Structures are given as structure tokens and as C-alpha cells.
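**Student:** Generate coordinates for the sequence data below:
(one chain, ligands or ions: 1)
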Amino acid sequence: MRRKLAAGNWKMNGTASALTELGNLAYSCKSAKAEVLICPPATLLYRAANVCVDSKVNIGAQDCHSATYGAHTGDLSAEMLHDAGATAVILGHSERRADHGESDETVRAKAKTAIAAGLTAIICVGETLEDREAGKTLDVVRAQLAGSLPDDTSGTTVVVAYEPVWAIGTGKVPTVEQIAEVHNDLRASLVKRFGGETANAIRLLYGGSVKASNAKEIFAVAHVDGALVGGASLKAADFAPIVAALDASA
Ligand SMILES: O=C(CO)COP(=O)(O)O
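**Tutor:** Model prediction:
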């Protein structure tokens, strides 16, 4: 049985005052069965990990460099993130693919480095509205999945997040049928590539405008093992009900 995962991506939001929200979340989730992960900006990682020590909330990062160390001004290595208290890192988010031109090859290289440093790699895939309207959704996510996951992926080191670009921060959510179609296809692609045992251990998250009000129906979709949440992860009062909905799902 795959352990459910409620992950929050704070993106470029939050200074030290946001740690109060994290403390509130840790308190609200003290009986959570699902894994709870918050990915604050890198500046808060160390303090966030301290706030959440001995709680059910794990801390993750939002990106890392593909190199283990060296002359990469402004970048952070996976080892540094792990050292600061991160247990996971989001890789290949569509905002990074768009803003920094990250290719599948780059994401795959980052994933290898992250896994070697002891982090879980949460690898994001998702189509644009243009792709969807052109009927290319499955082709696009299959190609991203194939290109972004390392060959030696294991069920415990990689999580895949399906985030349709057009649903991120827009309040637009795919229908449950659309989510089911992509998640079924992702699972089938994973089985084909890695075999059933590995593939069935890899968690598939849905991300894009997840809120307390739509979490229940999204979590009822087959092969949805949790969510990657942006805006609704910033406040404990918004995120805790999403964790509760995940715990209540079958
Ligand atoms: O990009 C996301 C999480 O990584 C989703 O963001 P929103 O939940 O704000 O739509």
C-alpha cells in the first residue's frame, strides 16, 4: 500500500513570520496518517525543519542543482538541502521549466543527484492548455515522464506529480475523468518501464488549484496518492483540511 502524501509548495512566499503557520500546521496534523511535507523557500529550510522536529510534518526544497558542488553562483546542491533538513525536493516544476528553460534531461540529472544525496525527488509533469486543446496531453506527459525519471528509479526515491499547467494558480481544475485518464496512463507507463513492483510503489500526486473544497473528489480518483498544493498550503487553516480529506480517502 502506498503511503498517501500531502505536499505543500510555498513557491517564492514566506519569511520568518510564516514559521508560525508551520507550527500551527504541525499541531493540526499531529494525528495525520498521510505523510505531510511542506516545501518553503530555501531561506527558511533550516528553521522550518527545526519548527517541525518531532512532528508529522517533513520539510522539502523546491529545486536543486544537478552538480554535487562547484562554481554555480546562487545555486544550492542537494547535499546542502539535505544538510539544512530537507527530506525531499520538487524538481521540474512547470514554473522552472518555463522560467529557467529546464529540460527533461536537466530534471533527470537533478533527480539523480537529489536521490544520491538522500532526498526524495518529486518530479513534476503536466501539459499546457495549448497541448490539451491540441489533444496532446498524454503524449506530452508520457514524454516528460520518460525523459525526467532516472533509470534506476525506485518506489521510495521518486514521487511523480501531475500538474496541468493551466490548472496552476488559476482556480481551474480538470474533471475527475481528466485526472483519472492521466493518472492511469502515468501508472501504466511506470509499469511498462520499471515493472509492477517498482511502479506500484511510486506515488502519483495531483497538483493544480487543490483546495479543501475539491480535495475529497480529487482524492477519490484511482491512482491519486495525494496532492501537490500551492496557494492553499500557505495557511495551516487551508492545508490541514486537505490533509484530513486525504486521511479520510480510501
Ligand atoms: O504549482 C502548484 C504546486 O506545485 C499548484 O499551485 P496552486 O495549488 O496554487 O494551483
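**Student:** Which residue does the protein have closest to the ligand?
**Tutor:** Per CB to the nearest ligand atom, G230 is where the chain lies closest to the ligand, at 2.3 Å. C-beta coordinates here come from the backbone N, C-alpha and C atoms, glycine included.
**Student:** so how far is G155 from that residue?
**Tutor:** G230 sits 25 Å away from G155, going by CB to CB, to the nearest Å.
**Student:** Name the residue in these two with the higher neighbour count.
**Tutor:** G230 (21 against 16; other CB atoms under 10 Å).
**Student:** wait, what's in contact with that one?
**Tutor:** Taking CB atoms under 8 Å, 6 or more residues apart in numbering as the criterion, G230 is in contact with G8, N9, K11, I168, G169, G207.
**Student:** Contact residues of the chain facing the ligand?
**Tutor:** 9, 93, 163, 168-169, 207-210, 228-232 (CB under 6 Å from any ligand atom).
**Student:** Go again with 5 Å.
**Tutor:** Contact residues, the chain versus the ligand (CB under 5 Å from any ligand atom): N9, I168, G169, G207, S209, L228, V229, G230, G231.
**Student:** what's near enough to touch P241?
**Tutor:** With CB under 8 Å, 6+ apart, P241 has these contacts: A212, A215.
**Student:** same thing with the one 3 residues further on?
**Tutor:** Residues in contact with A244, defined by CB under 8 Å, 6+ apart, are A32.
**Student:** check which helix or strand covers it.
**Tutor:** helix 236-248 (DSSP states H and E).
**Student:** same check, this time on L190
**Tutor:** Assigned by DSSP H and E, L190 falls in helix 176-194.
**Student:** Please name every helix or strand in contact with that helix.
**Tutor:** Applying 3 or more CB pairs under 8 Å, 6 or more residues apart in numbering; DSSP states H and E, one finds that helix 176-194 contacts helix 137-148, strand 158-162, helix 196-199, strand 203-207, helix 212-219.
**Student:** Backbone dihedrals for A88, both of them.
**Tutor:** Phi and psi for A88, reported as degrees, to the nearest 10, are phi -150, psi 170.
**Student:** ok, what's across the strand from it?
**Tutor:** G60, T120 (DSSP bridges).
**Student:** And the pLDDT at it?
**Tutor:** A88 carries a pLDDT value of 98.
**Student:** Equivalent analysis for T153, please.
**Tutor:** So T153 comes in at 89 (pLDDT).
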